[in-house]
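Trainee: Structure of the sequence below:
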Amino acid sequence: SDVNISQAFSRQRRFEPRGPLVNSEFYTGWLDHWGDQHAQVDTQKVSRMLGEMLSMGASYDILYDFNLCSVWQVGNLSSLLDTLSPQGPVRSLYPLSFEEMNQYYGFMLYRTKLPRDLPEDTALISPLNGVHDRAYISVRGVFQGLLERDTTLVMNVTGKQGDQVDVLVENMGRVNFGSKINDFKGLLSNLILGNDVLTDWQIYPLDIDGAIASGWPQSGQRRSPPDPDRGPSDGPVFYQGTLPPNGLAWDTFLRLNEWTKGQVWINGVNLGRYWPKRGPQQTLYVPGPLLSPTQPNNITVLELERAPPHTRVLFMDRPLLNSTSGKTPQLQIEDRQT
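Mentor: Numbers count the residues shown, from 1 in each chain. This is a model prediction of the structure:
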């Protein structure tokens, strides 16, 4: 919305008649939410407002060619626990939160066993909206589906008594204001399977960032050779690849088209999350200094749901930020005096 700069600063003068004029939060844009459209503002309007502030001597704080690379499967997450959780599990009758395990971001794996035979689909329920934020469920190594905070609180599983149940829980981030600032992560309530409360958990805190920063998986060491006839695996799976050097280290943008949801690391650095179906962001920014102009660049992908038939990623010369079927955010330029 249009803001009268002089009027806004006159309010500051009521409380500070002689100090410097300061706009401590001049918003030139806004954050994006998964599933919403990319937030944009009028460049001319921002430029005009900034010019008016500068003319008044005010200070301000501003807030806010391609290459195709193939990757190959390294292994599913539950088979790599010796590497990702070398300290081993903590045993607990009931689930513990991330905070109780001193795990403040990333992922934790909760493991238990089916208490009885389930020959037919049986509901696995997250009562009290207790999954914070997303849980990927496997039984005897076979991906069954997921539970998601606020949206998917029930799913069906089958299996036999004693089958291993793995629940990988993803922390999708926290807000830094408002009623949800005390936002605990993990399984915050019991999971109910039919009429049974699942108990006797082994809980693995996962240090994925640390393992990858230390050089895992080793570049050039393929755990399973590429097989063009092999379909992608469902559920959480790691993939590894390399981007050949070309003598340059320019900024680029990574696109994981047709992948589902996950995270990417380049040369040991956590680049960020991708979720192209939810959007709006379709590319991840890759700073030039992160890439080596002379050595192969290691790419590690953790796909949480399902990879495409051809596990390739695309390096582009420009970002793609606004592709979603979600609603359009109501965006206004704010001019705050604090």
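Trainee: quick check: domain ranges of this protein?
Mentor: 5-52, 67-76+209-316, 87-206 (the TED database).
Trainee: From the chain's centre, how far out is the last one? Work that out for me.
Mentor: Centroid displacement of domain 87-206 relative to its chain, using Cα atoms, centre = their mean, to the nearest Å, is 18 Å.
Trainee: What's the end-to-end length of it?
Mentor: This stretch, domain 87-206, spans 10 Å end to end (Cα to Cα, to the nearest Å).
Trainee: average model confidence for that domain?
Mentor: The average pLDDT within domain 87-206 is 96.
Trainee: Also the first one?
Mentor: Rounded to a whole number, the mean pLDDT of domain 5-52 is 76.
Trainee: residue ranges for the helices of this structure, please.
Mentor: With DSSP state H as the criterion, the chain has helices at 5-15, 43-55, 81-84, 208-213.
Trainee: Can I get these in a markdown table including distance to residue 184 and mean neighbour count?
Mentor: Every C-beta, even on glycine, is put in place using the N, C-alpha and C of the backbone. Formatted as a markdown table, those follow (distance: least, Cβ to Cβ, whole Å; neighbours: other Cβ atoms under 10 Å):
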| stretch | distance to residue 184 | mean neighbour count |
| --- | --- | --- |
| helix 5-15 | 38 | 13 |
| helix 43-55 | 38 | 13 |
| helix 81-84 | 22 | 16 |
| helix 208-213 | 20 | 18 |
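Trainee: Ok, which of the ones you listed comes nearest residue 190?
Mentor: With Cβ to Cβ as the measure, helix 81-84 is the member of those nearest residue 190 (23.0 Å).
Trainee: Quick one: distance of that closest one to the chain centre.
Mentor: With Cα atoms, centre = their mean, you get 21 Å for helix 81-84.
Trainee: what does stretch 37-46 give?
Mentor: With Cα atoms, centre = their mean, you get 25 Å for stretch 37-46.
Trainee: Start and end of it, how far apart?
Mentor: End-to-end for stretch 37-46, by Cα to Cα: 20 Å.
Trainee: Could you do stretch 90-103 as well?
Mentor: End-to-end distance of stretch 90-103: 12 Å, with Cα to Cα as the criterion.
Trainee: what's next to it, contact-wise?
Mentor: Residues outside stretch 90-103 that contact it (Cβ atoms under 8 Å, 6 or more residues apart in numbering) are 104-105, 108, 110, 169, 171, 184-191, 199-203, 205-206.
Trainee: one more time with 7 Å, if that's ok
Mentor: 104, 108, 110, 171, 184-188, 190, 199-203, 205 (Cβ atoms under 7 Å, 6 or more residues apart in numbering).
Trainee: Need the buried ones from those residues selected in ChimeraX.
Mentor: Remark: buried members of those, expressed as a ChimeraX selection using 16 or more other Cβ atoms under 10 Å:
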select :108,110,171,185,186,187,188,190,201,202,203,205
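Trainee: between the contacts of stretch 90-103, which is nearest residue 291?
Mentor: Of the contacts of stretch 90-103, the one sitting nearest to residue 291 (Cβ to Cβ) turns out to be residue 171, at 27.9 Å.
Trainee: can you pull the contacts of the closest one?
Mentor: 98, 105-106, 133, 185.
Trainee: Go through the contacts of stretch 90-103 and name the one nearest residue 285.
Mentor: Using Cβ to Cβ, these come closest to residue 285 at residue 171, 21.8 Å.
Trainee: For residue 144, see how far away the closest one is.
Mentor: Residue 171 is 21 Å from residue 144, where distance means Cβ to Cβ, to the nearest Å.
Trainee: Residue 128 is in contact with residue 189, isn't it?
Mentor: Yes - look at residue 128 against residue 189 with Cβ atoms under 7 Å: they come within range, at 4.5 Å.
Trainee: the more surrounded of the two?
Mentor: residue 189 (16 against 10; other Cβ atoms under 10 Å).
Trainee: Could you report the neighbour count for the closest residue in space to the more buried one that isn't next to it in sequence?
Mentor: Closest residue to residue 189 apart from its sequence neighbours, by Cβ to Cβ, 6 or more residues apart in numbering: residue 130 at 3.0 Å. Residues near residue 130, counting by other Cβ under 10 Å, number 20.
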